[in-house]
Every structure is written in structure tokens, then in C-alpha cells.
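Enquirer: need the 3D shape of this:
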Amino acid sequence: MGLSKVGWVQRILTRSKMGRRTASRFVAGETPESAIRVIGELNSQGILATLDHLGEDTATRADAEKAAGDILLILDLIDKAGVKSNVSIKLSQIGLLQDEAFCIDQLKRILDKARLYNNFIRLDMEDSSLTDRTLNVYWEMRKHGYDNLGVVIQAYLFRSEADLCELVEDQARVRLCKGAYKEPPQIAFPKKQDVDANYDHLTEILLERVAQEVREKGERGDIDGGKFPPMPAIATHDPLRQQHALEVAERLGLPKSEVEFQMLYGIRRDLQENLVAKGYPVRVYIPYGTQWYPYLMRRLGERPANVWFILSNFFRR
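Expert: Predicted coordinates:
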């Protein structure tokens, strides 16, 4: 049993000053209003946001409908406040574990509201048991004409190159991350150096496809019209992976505006500020909500290396 499900540990940490102090470094409060304030502060520093309402793995349809309602509310608040943020969601939060058709209905409600506000929804990727189901829902939404959504690909899975190649052919808006879940060696690279190498390889595939689309639009004379180039999201706190992406983008002649870097709230602020200073879009993933304890514990428990990663970054500026 993981710590996220041990009741007495949760009670101690959620009621202690240390527990809440730790959470406040990585979670933007428990209410939508507190999250909006954090987004405003980041926007003032030239940083964009993507907002995540914590609480995935809902157990009932009623809980899933409530979660969808909360996401609709945050879309309203983002528009009302005029902050620069899109929204990230996990499909297990809005009913995927109960029924895929039901989940799709909830997602349509969210995408319709986001479209009304000219906003964007990112489908977070969960553990490998939900990879196929998440991608299936993504493709179903594309069939229904929704183009205001993107998806996440995890570099540590063997299958990710094939998935990415299919997505970039559709001009999908992909966030590329390493992956945080503990997966068996039969389906994922167990060694960090192999994950890093594959991340760099997938970065090249992603940026080359975007560069090709930018060139084709330029040749057609519609660089400012038609379907927009699918801005890639390079999501990593690894300076070497970021540097590789920068070098590839420069070699391909990609405008800085076409490559977005994404990082987690509260981690490596120095890297965020450095990329903004260089003129690149930076988007910070901001979780909020009362379910911050499971969020932190799962992040620590999914991979043991995350314990040191989180603790070491707690003491960074």
C-alpha cells in the first residue's frame, strides 16, 4: 500500500505546518481562486500556465461529473480573470475508469466550453494501463472535429516513437515528457541514460515535423492563416535535454515562438526564468485543489528517484 492511502500519515501531514509548507511549494492552494492568483503572478513574469485540478481516479459517475463541473468552472474563471492559462486534465478524473463513452461526453462538455473561450485542453498521460485508452479518446475527439486539444507522450515507453510519429502526422499538439510512473522493464526503459537518449530522439522527431509544417506554410504563403503549426511542448527539468532541444530548434531554423518549454510549479524556477530571458515561451504546470496530499505522495512513490528530486528542489531558489 502506498503512502497516499495510509490514513494516519495523511492526517499528520495535512494538519502539520511542515506538510502544508511543503505542499504550498508545489501546489497553488486548494481553491480555484488561489490558483488564479498564482497564474497572475507567473504571467507578470512572462510565464504561461496550464492548470490541473487535482483529484484523478474518481470512483463514481457522480464524482466524475462533479470533476468535469469543476473544470468548467476554472475555464470560466480563467476567462474572467484574463490570465494566460490553458487546462490539463486526466481522463480518469472524468470517468474513463467507469465508461469510455461517458468520459467522452464529459470531455466534449469541457472542449466546447474551452472552444467558447478560445482556450485549449491538454490530455495528461497516466500510467501505461491507460495509454491506449487515452490515445483512443484523443483520436475520437479528432474525428469529432475538436482541434483545441493536445496529448502527452512519455519518452520512457518503448511504444512512444510509434505513437509520436502517428500524432505528428496529424499535426497534433504534443507535450513530450520523460514519464514519472514506475513501469515494468518489458515496456519501458529502466535506465535513465536510455530514457534521456530516447527523449532526445523523440525531441528531434517532434521539432523536425513542426519545422516541416512551418516551411510548407511559408511556401504556400499562408504562414499566418489556415491550420496553425502544432507548437511542441518540451516538458523537462533536465538542463541537458533542454539544451539539446534548443540546439535542434536552432539547427532547423525554428522561430523561438514555435517551441514551448514546460515545467512543474515550484521546480527549477531558475531554468524557467533563463528560458524566458532567452525569448522562449515557458508554461508552468500548476496543480491545485484539496487533493494535494495524494498528488505529492504519488509523485514521490511513482519513482523513488522523485523523492530526492522533489526534496532537493525544495531548497532551491
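Enquirer: A helix includes Leu72, no?
Expert: Yes: Leu72 forms part of a helix when assessed by DSSP: H, G, I helix; E, B strand; the rest coil.
Enquirer: burial of it, as a residue count?
Expert: Look at Leu72: counted by other CB atoms under 10 Å, it has 17 neighbours. C-betas here are computed from N, CA, C, even on glycine.
Enquirer: could I get the pLDDT score of it?
Expert: Leu72 is assigned a predicted lDDT (pLDDT) of 97.
Enquirer: now it: how far from Asp63?
Expert: Leu72 sits at a distance of 15 Å from Asp63 (criterion: CB to CB, to the nearest Å).
Enquirer: what of Ala162?
Expert: 34 Å.
Enquirer: now Ile110: closest residue in space, sequence neighbours ignored.
Expert: Ile71 (5.4 Å; CB to CB, 6 or more residues apart in numbering).
Enquirer: OK, contacts around the one you found?
Expert: Listed by CB atoms under 8 Å, 6 or more residues apart in numbering, the contact partners of Ile71 are His53, Val87, Ile89, Ile94, Ile110.
Enquirer: and with 10 Å instead?
Expert: 32, 51-53, 87-89, 93-94, 106-107, 109-110, 113-114, 121 (CB atoms under 10 Å, 6 or more residues apart in numbering).
Enquirer: cool, Ala233 as well?
Expert: Contacts of Ala233 (CB under 10 Å, 6+ apart): 50, 122, 150, 152, 173-177, 206, 259-262, 281, 283, 285.
Enquirer: helices of the protein, residue ranges please.
Expert: With DSSP state H as the criterion, the chain has helices at 7-15, 17-26, 32-44, 61-81, 100-116, 131-143, 160-169, 192-220, 239-252, 269-277, 292-302, 305-314.
Enquirer: mind picking the two most distant members of the contacts of Ile71?
Expert: Within these, Pro32 and Leu107 form the most distant pair, 19.5 Å apart (CB to CB).
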